[in-house]
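>>> Any chance you could fold what I've pasted below:
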Amino acid sequence: MDAEKFGAFIATCRKENSMTQLQLAQKLKVTDKAVSRWERGKGFPDISLLVPLSEALNISVLELMRSEKMEKRADNCSEEEMKNVIIDVAEIERNNRKESRFITWIAVPVVIIVTALIIMSGHASLIPASWCGCAIALTIIGICFFARHRDDENLRKVYGGLMLLGTGAALILFYLMGVNSILLLCIVFSLLCVMVGIAVR
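Residues are numbered from 1 along each chain as shown. Model prediction:
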């Protein structure tokens with residue numbers, strides 16, 4: 001999609017509806033600077049705004065996507081289907097952003113805490129300790145997402161693989177650092193209990 005053509009089309013439709021950039025922005029609950037950026041071809045609106053934008057400009061979603069008015073409007077069925085697709089894509093995008101934030105909120109504290117504990121215990125320096133922290137974070141993320149996607153067979157395989165990869169890497173790193181073998185067995189047993197508990201839920 002051509003950003004400049006898209007922006008010019010939005011500007012034309014807005015003017016045809018006797019709206020200022022600020023009025024359009026208020027309808028969409030965005031800033032007038034965002035509308036200005038779109039109209040100058042410096043960016044596109046978020047996909048979740050396409051349906052409200054088309055409604056605000058009194059055009060179809062298809063016309064908005066093509067950046068041109070069509071002589072014959074698409075039938076209501078295909079227009080409705082397109083709206084539903086855009087709404088579904090927007091929902092997927094929101095979920096992806098949520099999962100990304102969730103991963104960050106888990107990974108960062110785990111890496112910091114594990115790294116600090118290993119350094120304080122005197123088993124390793126910063127770099128090996130942080131690698132170990134990353135491996136444990138990977139295991140925890142795998143466990144969390146394995147539990148969250150219990151209905152999806154393919155995703156369970158992916159996250160199960162992450163759990164095993166993280167666990168294996170962490171155990172190897174602990175072994176190389178000279179961590180007590182009894183402690184290693186306790187860690188393995190604990191992780192296996194957690195994984196089995198999640199799998200049978």
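>>> tally of neighbours for Met70?
The local packing of Met70 (other CB atoms under 10 Å) involves 11 other residues. C-betas here are computed from N, CA, C, even on glycine.
>>> what distance separates the start and the end of stretch 167-186?
End-to-end span of stretch 167-186 (CA to CA, to the nearest Å): 13 Å.
>>> Pull out the buried positions in it.
For stretch 167-186, the neighbour count (16 or more other CB atoms under 10 Å) marks Thr167, Ala169, Ala170, Leu171, Leu173, Phe174, Met177, Val179 as buried.
>>> Mind checking which of these land in helices?
Applying DSSP state H to the buried residues of stretch 167-186, the entries found in helices are Thr167, Ala169, Ala170, Leu171, Leu173, Phe174.
>>> Show me how the protein divides into domains.
Domain assignment for the chain by automatic domain parsing gives 3-74, 93-200.
>>> Now mean pLDDT and distance to Ile86 too, for those, in TSV please.
Below are the domains of the chain laid out as TSV (pLDDT from 0 to 100; distance: least, CB to CB, whole Å):
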stretch	mean pLDDT	distance to Ile86
domain 3-74	87	5
domain 93-200	78	10
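>>> Make a markdown table out of those and add distance to Lys83.
A markdown table is the format used below for the domains of the chain (distance: least, CB to CB, whole Å):
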| stretch | distance to Lys83 |
| --- | --- |
| domain 3-74 | 5 |
| domain 93-200 | 16 |
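>>> what's the most distant pair in the buried residues of stretch 167-186?
Pairwise distances across the buried residues of stretch 167-186 peak at 15.7 Å for Thr167 and Met177 (criterion: CB to CB).
>>> remind me, longest helix of the protein?
Across the chain, the longest stretch assigned as helix under DSSP H is helix 76-121.
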